[in-house]
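**Student:** Here you go, sequence then predicted model.
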Amino acid sequence: MSRITEREKEILKLLKNDPMISQEELAGLMGITRSAAAVHISNLIKKGFILGRGYVFNDKTGVLVIGRVLVEIEAGGEEKESGSSFIDIEPGGTGYLIASHLASQEIPTLLMSVIGRDEWGGIIGEKLKKSGVDVRYLMIQNKFPTPRRVILTTGQSSRENMITDARAMEAISGNSLHTLGITIDNCRMVILDSDIPPGVFTQILRMAGDAGIPLCIRLSEEQTDLVHRDDLPGVFMTVMPAPAAEAVSGLRIRHIEDAMEAAREINRLGVEISAVVLADQGVALAYNKGTVSVPIMPVQDKTGKFSLDIFTAGLVSGILQGYDHRQAVRFGMGIAVCRVRK
């Protein structure tokens, strides 16, 4: 759902106060012409704030992302261009990347996560605010530092080792959901990172199901045992790399055709939309009316890297904006690659 202008906010408030108001009366109250009022109403319908000419209002306006934010520290012995050693430090994590890139697409976005009361926690909080993310559910705790991940590489793309310190995530619990007053009833969608504490993961699954809110699960290959087949019926969308899809579907994946069959199997388990990503080959997506396969283009493959989290943000953004499934997949792939190039 796109952002609403100040003038549109005023008009929406007047319509909610008096749904029977005519466009002439609305124009008089706003000091604009009738045709201008009609354009504003048309824009509110296109943006999803009004569901039709009868002024049926859509109060489900935002996306709630629940996932980790991290300080990403990558060190290696050979940089692509110079051939010298390097150390890169930047904010990352599934929650951070999905939320910030959804907000950049003008999708109202809330993030629930945990940071430490330290310098990097402050940097991450400010960056999220500047990107337009609502951080009212971003918890600050004193016991542990802001979660961080150290990635050690050699050569241009070989990952040697990865160490993650996410002790701060212990602050997220069922009690914290209650204490923060988190409600998903007015969310347009909930996106759930599988790397959050298992108890919270299960609770959000139940809350979304009870409220009838579309749930997207971004499943990592490290947490495949967290999602059981019995959890999947009714889930709106899953996005996962091939190793995770193998664990869920029980199928071996080596090529994009295998990924498509795995996506179909996950779809048959009760997931409305299932996306399986082979980062060096492409994306396979299955939904209740068909399948989509989009290969990595040569220009995309030259980047040597694919961000599954940013792809997820683009895919969700495309679907919320009414793109068809192939367009949504291409949009997600496009912003993932553009981000890697920067």
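**Tutor:** Sure thing, it's come through. Please read all numbers here as calculations on a predicted model, not as lab measurements.
**Student:** Show me the strands in the stretch 51-200 of the chain, by range?
**Tutor:** For the stretch 51-200 of the chain, the strands defined by DSSP state E, counting those that start in this stretch cover 62-66, 70-76, 86-92, 109-116, 138-141, 148-154, 158-165, 187-193.
**Student:** can you list contacts of the fifth one?
**Tutor:** The one in question is strand 138-141. 69, 111-117, 121, 125, 128, 168, 171-172, 176, 180 (C-beta atoms under 8 Å, 6 or more residues apart in numbering). C-beta here means a position set from N, CA and C on the backbone, and glycine is covered the same way.
**Student:** For these, pick the one with the most neighbours.
**Tutor:** Counting neighbours by other C-beta atoms under 10 Å, Val69 comes out on top of these with 32 neighbours.
**Student:** got the phi/psi numbers for it?
**Tutor:** phi -110, psi 140 (degrees, to the nearest 10).
**Student:** Do I have it right that it meets Ile124?
**Tutor:** Yes - shown here, Val69 and Ile124 form a contact pair, counting by C-beta atoms under 8 Å, at 5.5 Å.
**Student:** Pull up the overlap in contacts between those two.
**Tutor:** Common contact partners of Val69 and Ile124 (C-beta under 8 Å, 6+ apart): Pro91, Tyr96, Ile115, Thr146.
**Student:** Mind pulling the model confidence for Val299?
**Tutor:** In this prediction, Val299 carries a pLDDT score of 51.
**Student:** How much space separates the residue nearest to Met162 when sequence neighbours are not counted from Gln203?
**Tutor:** The shortest distance from Met162 to any residue other than its chain neighbours is 5.1 Å, reached at Ile151 (C-beta to C-beta, 6 or more residues apart in numbering). The gap separating Ile151 from Gln203 is 30 Å, by C-beta to C-beta, to the nearest Å.
**Student:** Equivalent analysis for Glu24, please.
**Tutor:** Counting by C-beta to C-beta, the gap from Glu24 to Gln203 is 50 Å.
**Student:** Glu246 too?
**Tutor:** 27 Å.
**Student:** Now the element after the worst-scoring helix or strand of the chain on mean pLDDT, going C-ward?
**Tutor:** Across the helices and strands of the chain, mean confidence by mean pLDDT, DSSP states H and E is lowest for helix 298-301: a mean of 52. Next in sequence after helix 298-301, counting helices and strands by DSSP states H and E, comes helix 308-320.
**Student:** Show me what that following helix is packed up against.
**Tutor:** helix 94-104, strand 187-193, strand 215-218, strand 237-241, strand 273-278, helix 325-341 (3 or more C-beta pairs under 8 Å, 6 or more residues apart in numbering; DSSP states H and E).
**Student:** any idea which of these scores lowest on pLDDT?
**Tutor:** helix 325-341 (a mean of 81).
**Student:** Please save the CA atoms from it in PDB.
**Tutor:** Taking Å, rounded to 0.1, in the frame of the first residue of the first chain, the C-alpha atoms of helix 325-341 are listed here in PDB:
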ATOM      1  CA  HIS A 325       3.300 -13.500  -9.900                       C
ATOM      2  CA  ARG A 326       5.900 -13.300 -12.600                       C
ATOM      3  CA  GLN A 327       6.100  -9.600 -12.400                       C
ATOM      4  CA  ALA A 328       6.500  -9.800  -8.600                       C
ATOM      5  CA  VAL A 329       9.300 -12.300  -8.900                       C
ATOM      6  CA  ARG A 330      11.100 -10.200 -11.500                       C
ATOM      7  CA  PHE A 331      10.700  -7.100  -9.300                       C
ATOM      8  CA  GLY A 332      12.100  -8.900  -6.300                       C
ATOM      9  CA  MET A 333      15.100 -10.200  -8.300                       C
ATOM     10  CA  GLY A 334      15.700  -6.700  -9.700                       C
ATOM     11  CA  ILE A 335      15.900  -4.800  -6.400                       C
ATOM     12  CA  ALA A 336      18.000  -7.600  -4.900                       C
ATOM     13  CA  VAL A 337      20.600  -7.300  -7.700                       C
ATOM     14  CA  CYS A 338      20.500  -3.400  -7.700                       C
ATOM     15  CA  ARG A 339      21.200  -3.400  -4.000                       C
ATOM     16  CA  VAL A 340      24.200  -5.800  -4.400                       C
ATOM     17  CA  ARG A 341      25.700  -3.500  -7.100                       C
END
